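> Whatever this is, show me its structure:
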Amino acid sequence: MSERPVHELIKELSQILVQLSEKVLENFFLSLNAIKHKDVDSARRIRMVDKEIDMAEVDLEERCLAFLALQQPVARDLRTIVTIIKINDDLERIGDLAVHIVDRMPEISQELLESFAFETMGMHAGVMVKQSIEAFVSKDRTLADEVCANDEEIDIMHRAAFKKVTRLMKTEDANVDELIAALSISRYIERMADHATMIAREVIYLITGEIVRHKGDFYENLLESLED
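As a prediction, the model looks like this:
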């Protein structure tokens, strides 16, 4: 790894991250389709792909840590690698959400699913993730800001789902387990949008050096120690 130019290594790691994001998004959208059509075969495929995503996430993190150890980058290069590590973690967590969604398949009827706007909500969240990755690739602060702003739209949809579930639970023939499953699916999609926002904030950090997430993160401490 150390014999190649640093910029080539960083480009390669960035490309691996983009490829991982594409795989994660494809699996997420497949999960929405699977639960909509009660597709057991697709659910099985989603779980298999998630294992591949987990292995890819570990591999990319190990590559990044090896880069830090061997290249000892500073300034912008260091921020780029730290950002890749953080985004990589967010993508793996989004991958888990696809599995959580299909895990709810046996608990909820198609009729109830169709009464919620999960497909629309999921598409919006998926676009947020895609845009956050595009912002990373193009180092686009404006697009990253747009992703952060769009998170509120998903929050509104999730609150609407919560209110609907609460209302339906008060009916005499309410299936509580089924309604909890519906609320969980809404929550998983809302969490996906949260991860998209986190990725966008990491892009802002990459571009400006401004940390807009919580303090005390392991990789933020690593960054500070290497810059000292």
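
> where does Glu172 fall, helix, sheet strand or coil?
Per DSSP: H, G, I helix; E, B strand; the rest coil, the secondary structure class of Glu172 is coil.

> Let me fix that, I meant to ask about Leu68.
At Leu68, secondary structure determined by three-state DSSP is helix.

> Which residue ranges of this protein form helices?
In the chain, the helices defined using DSSP state H lie at 6-37, 40-71, 75-103, 110-114, 118-138, 141-169, 176-208, 218-227.

> Report the buried residues of the fourth one.
Residues of helix 110-114 classed as buried under the neighbour-count rule (16 or more other CB atoms under 10 Å) are 112-113. C-beta coordinates here come from the backbone N, C-alpha and C atoms, glycine included.

> Check which helices and strands it sits against.
helix 6-37, helix 176-208 (3 or more CB pairs under 8 Å, 6 or more residues apart in numbering; DSSP states H and E).

> The fifth one too?
Helix 118-138 is packed against helix 6-37, helix 75-103, helix 141-169, helix 176-208, with contacts defined by 3+ CB pairs under 8 Å, 6+ apart.

> Same list (these) but as TSV, adding mean pLDDT and distance to Val58.
Formatted as TSV, the helices and strands packed on helix 118-138 follow (pLDDT from 0 to 100; distance: least, CB to CB, whole Å):
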stretch	mean pLDDT	distance to Val58
helix 6-37	95	11
helix 75-103	95	9
helix 141-169	96	26
helix 176-208	96	18
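
> Please produce a markdown table containing the ones you listed, extended by mean neighbour count and distance to Gly122.
Putting those into a markdown table (neighbours: other CB atoms under 10 Å; distance: least, CB to CB, whole Å) gives the following:
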| stretch | mean neighbour count | distance to Gly122 |
| --- | --- | --- |
| helix 6-37 | 18 | 5 |
| helix 75-103 | 21 | 9 |
| helix 141-169 | 16 | 10 |
| helix 176-208 | 21 | 5 |
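
> Show the pLDDT at the closest residue to Gly95 other than its chain neighbours.
Using CB to CB, 6 or more residues apart in numbering and skipping the chain neighbours, the partner closest in space to Gly95 is Ile53 (4.0 Å). Looking at Ile53, its pLDDT stands at 97.
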